[in-house]
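1. curious how this folds, go ahead:
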Amino acid sequence: MNGGPQREPQGRRGRWPRLLLLASLVGFGVWLTTGATQAESEHGEILYLGNEGVLVRDGEHAVLIDALFGDGLDGYAAVPEEVRRQVESATGEFDDVDLVLATHFHDDHFDPAAVARQLRANPEALFVSTPDAVGRLPAGVAARAVLPEEGEPVVLEHRGIRLTVIRMHHGRNRPGIQNLGFVVELPTAKILHVGDTELSEEEWLALELPRRGIDWALLPTWQVKAGTIEAIAPRRGVLALHLPEPDAPAGWFPSSGRDGQIAALERLPGVVVAQRSGARIALAAD
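-> Residues are numbered from 1 along each chain as shown. Alright, predicted model coming up:
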C-alpha cells in the first residue's frame, strides 16, 4: 500500500445535478439472518449495518466503514448481534473485505477489539483510520494511520481500491478529536463517508467535491441540508446516517419528533434516511 499527501489541482464547482431515488429502496428494512445470501445489485450496493456503519460492495471489492464498534452508545443503532458476529469473525458476506475504515475513535464508530478480530480473521484486509484510532489497536494487525492537513488529501490504494482521505473536523469547538472523510472509488461508484464532521457550508464549498464526481454521499443527519448537498453534488443520492433510535431522549429530536425529522430529511431531493439495519441500497440503477 502506498500514497501520501497530495495537493490536487483546483477545479471549478459543478452545478448540483438532480438526484435520483432508486427503486431498489423499496426493500429498505430487510434484516440479515444467519447464512443469508447477498441480494447484491449487478452494480454493487451499500448495506446499512447500524449508526454510521456500512458495507460497500462492488463486484470483487468490499469496504467496511464505521461498522466495527461493538456495543456502541445508548440512543444510536447498534449492529444486530448475529450480524455483528459475522462482521467481526469475517464470515458470511463479510469474509472478503478489502478495506476496513473508521472515521474516528468514538465508541459508536470504532472498537479496537472488534476491528482486531475482523483483521485477524481476514488477513488480506487493511485498516485505515486516524492515529488516535490506530494507536488503540493491539500489535500485529495491518493498519495505516492517516491524518492529512486540511486541504491536502492523502490518496492510498489497496487491492484495486482507490481511497482519498480528507481531514474533516469534528466541530471547531472540539479540536482534539481527529475525524476523517473518505472517498472510496470502486469501478461503478464513488462513495463519500464523512463520519461525524460538522463542516460549515463555506467549508464544504472549499473542498470542491463536485469535481470528484461523488455518486453517494453518506452524511450524519445534522449535515443533511440543502446547502451541504449542493456543495457535494452527489450524482445518485444521499444516505442520512446517525439517526437516534426511537427510545432516545426526546431532546435529541426537533420539536416535530423523530418521525418529523425523518420526513423533513426525505423531502430533500435524493435523500434516504437509514432507519433499520439490513437495508440494501443499489449503487447504480440497473
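2. so where is this structure shaky, pLDDT-wise?
-> 1-42, 285-286 (pLDDT under 70).
3. ok, and the closest non-adjacent residue to the residue nearest the centre of the chain?
-> Note on the chain: the residue nearest the mean C-alpha position is His193, at 3.8 Å, using CA atoms, centre = their mean. Distance criterion CB to CB, 6 or more residues apart in numbering; nearest residue to His193, sequence neighbours excluded, is Leu218 at 4.4 Å. Placement of C-beta: from N, CA and C, glycine included.
4. which element follows the strand or helix carrying that neighbour toward the C-terminus?
-> Assigned by DSSP states H and E, Leu218 belongs to strand 216-220. Remark: after strand 216-220, the chain's next helix or strand is helix 226-232, criterion DSSP H and E.
5. for that following helix, packing partners?
-> helix 201-206, strand 216-220 (3 or more CB pairs under 8 Å, 6 or more residues apart in numbering; DSSP states H and E).
6. switch these over to TSV; also include distance to Phe127 and mean neighbour count.
-> TSV is the format used below for those (distance: least, CB to CB, whole Å; neighbours: other CB atoms under 10 Å):
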stretch	distance to Phe127	mean neighbour count
helix 201-206	27	15
strand 216-220	19	26
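7. how about these, which one is nearest Glu82?
-> Glu82 sits nearest to strand 216-220 of all the helices and strands packed on helix 226-232, at 23.7 Å, using CB to CB.
8. need the CA coordinates for stretch 163-181. PDB is fine.
-> Included here for stretch 163-181 are C-alpha records, laid out as PDB according to Å, rounded to 0.1, in the frame of the first residue of the first chain:
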ATOM      1  CA  LEU A 163      -9.100   5.800  -1.300                       C
ATOM      2  CA  THR A 164      -8.900   9.500  -0.800                       C
ATOM      3  CA  VAL A 165      -8.600  10.600   2.900                       C
ATOM      4  CA  ILE A 166      -9.700  14.100   3.800                       C
ATOM      5  CA  ARG A 167      -9.400  15.900   7.100                       C
ATOM      6  CA  MET A 168     -12.900  16.900   8.200                       C
ATOM      7  CA  HIS A 169     -13.100  18.400  11.700                       C
ATOM      8  CA  HIS A 170     -15.500  17.100  14.400                       C
ATOM      9  CA  GLY A 171     -16.500  20.600  15.300                       C
ATOM     10  CA  ARG A 172     -14.200  23.600  15.700                       C
ATOM     11  CA  ASN A 173     -15.000  23.600  19.400                       C
ATOM     12  CA  ARG A 174     -13.600  20.000  19.700                       C
ATOM     13  CA  PRO A 175     -10.200  20.300  18.200                       C
ATOM     14  CA  GLY A 176      -8.800  17.300  20.000                       C
ATOM     15  CA  ILE A 177     -11.000  14.800  18.100                       C
ATOM     16  CA  GLN A 178      -9.400  13.600  14.900                       C
ATOM     17  CA  ASN A 179     -12.100  12.900  12.200                       C
ATOM     18  CA  LEU A 180     -11.700  11.800   8.600                       C
ATOM     19  CA  GLY A 181     -13.800  11.800   5.500                       C
END
